[in-house]
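# fold the stuff below for me.
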Amino acid sequence: MTDIKRDHRIIAEELLMGDARMVGKVMFLQDGVSLEFASEEIDRVRRIALTEFGSWAVDDHGLSATVRIAGEPFAAVNEWGDACLISTSEDGKHLLLRLVRALNHGATVCALKAFGGPLALKLTAMTERRGDRLWLRFVAEGDVDGIVWPAPADPVRRDGLWEHTCFEAFVLTDDGYREFNLSPSRQWASYRFDSYREGMVQAAETVTIDGLDGASDLMALEGWIDLPAGAARLGLSAVIEMKDGSKSYWALAHPSDKPDFHHRDSFVLDLPPEHP
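Residues are numbered from 1 along each chain as shown. Okay, the predicted model is just below:
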């Protein structure tokens, strides 16, 4: 485990310092998936796609374009200096997830969305599977000084962490799902549910939190969770408490008319394949 932690710490620090560029992140849309990346990275994205899938073709329609990777069509859009490849099919979703892992050292990089619209923050989550554990890195960018960061504490199990700034992972299983809470204080929690918010008990799976790191306008929490048997899909989310007393609720997807991290349709991320 020590070597694995060191590997990820090196990658995380390189991404933070810009020595190893984080290229692209996935955003889950209401009816599809988008891979977003800086326009100047298009050559690298094309090169990686050719290496991974063997083909890359562009059909230019004037005001729009279609990119075909391994025969799968993606709508190509360029907005505010960022390029997007968008798919509404399951095959396209899986291909974009494979592509984003290839672009980012094997890690899946996804954008979290605030319920109710954008705020003066951006949240990104990175995941990578290692055997029966999952590495997680949550990155907050923007007004991080305005966030209430729980004070350091002993790394023990504790309930109620979601009442303050907390990062969360939900894992769909054959027998229900698990909820994992990762607090910047290094305290943690894990729960097992039989069905939607039913049968809640403490889970056997544990959490390891490596702590916070960051810079003037960026803070990141890194940790590991045990994967339960039958783990299938993930939901990633966060509660962010601000010094002005407000709270915002972030997730890969918000399928209902209120923040609900337990909603089955918010478990949209296929579990990354095991790292070789």
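# hang on, residue 84 packs against residue 35?
Yes: in this structure, residue 84 is within contact of residue 35 by C-beta atoms under 8 Å, at 6.8 Å. Where you see a C-beta, it was placed from the backbone N, CA and C, and this is true even at glycine.
# these two: which is more packed in?
Counted by other C-beta atoms under 10 Å, residue 84 and residue 35 do not tie: residue 35 has more neighbours, with 25 against 18.
# could I get the average pLDDT for the strand or helix carrying the more buried one?
Element membership for residue 35 (DSSP states H and E) is strand 32-38. Mean pLDDT, computed over strand 32-38, is 93.
# for that strand, buried residues please.
32-37 (16 or more other C-beta atoms under 10 Å).
# repeat that for stretch 234-248.
Buried residues in stretch 234-248, counting neighbours by 16+ other C-beta under 10 Å, are found at 234-242, 248.
# what of stretch 88-106?
Quick answer for stretch 88-106 (16+ other C-beta under 10 Å): 92-93, 95-106.
# centre of the chain to that stretch, how far?
Stretch 88-106 has its C-alpha centroid displaced from the chain centroid by 13 Å (C-alpha atoms, centre = their mean, to the nearest Å).
# contacts for that stretch, please.
Residues outside stretch 88-106 that contact it (C-beta atoms under 8 Å, 6 or more residues apart in numbering) are 11, 20, 22-26, 31-35, 37, 44-45, 48-49, 51-53, 69-70, 72-74, 85, 87, 107-109, 126, 128, 269-270, 272, 275.
# pretty sure residue 229 contacts residue 176?
No: between residue 229 and residue 176 there is no contact under C-beta under 8 Å: 11.7 Å.
# more crowded one of these two?
Between residue 229 and residue 176, residue 176 has the larger neighbour count (other C-beta under 10 Å), namely 17 against 9.
# doesn't residue 200 make contact with the more buried one?
No: the criterion here is C-beta under 8 Å, and residue 176 misses it with residue 200 at 9.8 Å.
# shared neighbours of those two, anything?
192-193.
# show me the strands in the stretch 51-200 of the chain, by range?
57-60, 65-69, 72-79, 82-87, 108-114, 121-130, 133-142, 166-173, 176-182, 188-193 (DSSP state E, counting those that start in this stretch).
# quick one: closest of those to residue 205.
Nearest to residue 205 among the strands of the stretch 51-200 of the chain is strand 188-193 (5.0 Å), distances taken as C-beta to C-beta.
# got the CA positions of the closest one in PDB?
Presented in PDB, the C-alpha positions along strand 188-193 are these (Å, rounded to 0.1, in the frame of the first residue of the first chain):
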ATOM      1  CA  TRP A 188     -14.900   9.100   8.100                       C
ATOM      2  CA  ALA A 189     -18.000   7.000   7.900                       C
ATOM      3  CA  SER A 190     -19.400   4.100   5.900                       C
ATOM      4  CA  TYR A 191     -23.000   2.800   5.800                       C
ATOM      5  CA  ARG A 192     -24.800  -0.100   4.100                       C
ATOM      6  CA  PHE A 193     -28.400   0.300   2.700                       C
END
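# just checking, what packs against it?
Helices and strands in packing contact with strand 188-193 are listed as strand 176-182, strand 201-202, strand 207-215, strand 218-226; criterion 3 or more C-beta pairs under 8 Å, 6 or more residues apart in numbering; DSSP states H and E.
# again, only this time at 6 Å
strand 176-182 (3 or more C-beta pairs under 6 Å, 6 or more residues apart in numbering; DSSP states H and E).
# now the strand it packs on: buried residues?
176-182.
# need the max-distance pair from these.
Most distant of the buried residues of strand 176-182, by C-beta to C-beta, are 176 and 182, 20.2 Å apart.
# helix, strand or coil: sort out residue 47 for me.
helix (DSSP: H, G, I helix; E, B strand; the rest coil).
# what number of residues are in the vicinity of it?
11.
# returning to what we had before: need the contact partners of the strand holding residue 35.
23-27, 45, 82-88, 93, 96, 100 (C-beta atoms under 6 Å, 6 or more residues apart in numbering).
# good, wrapping up.
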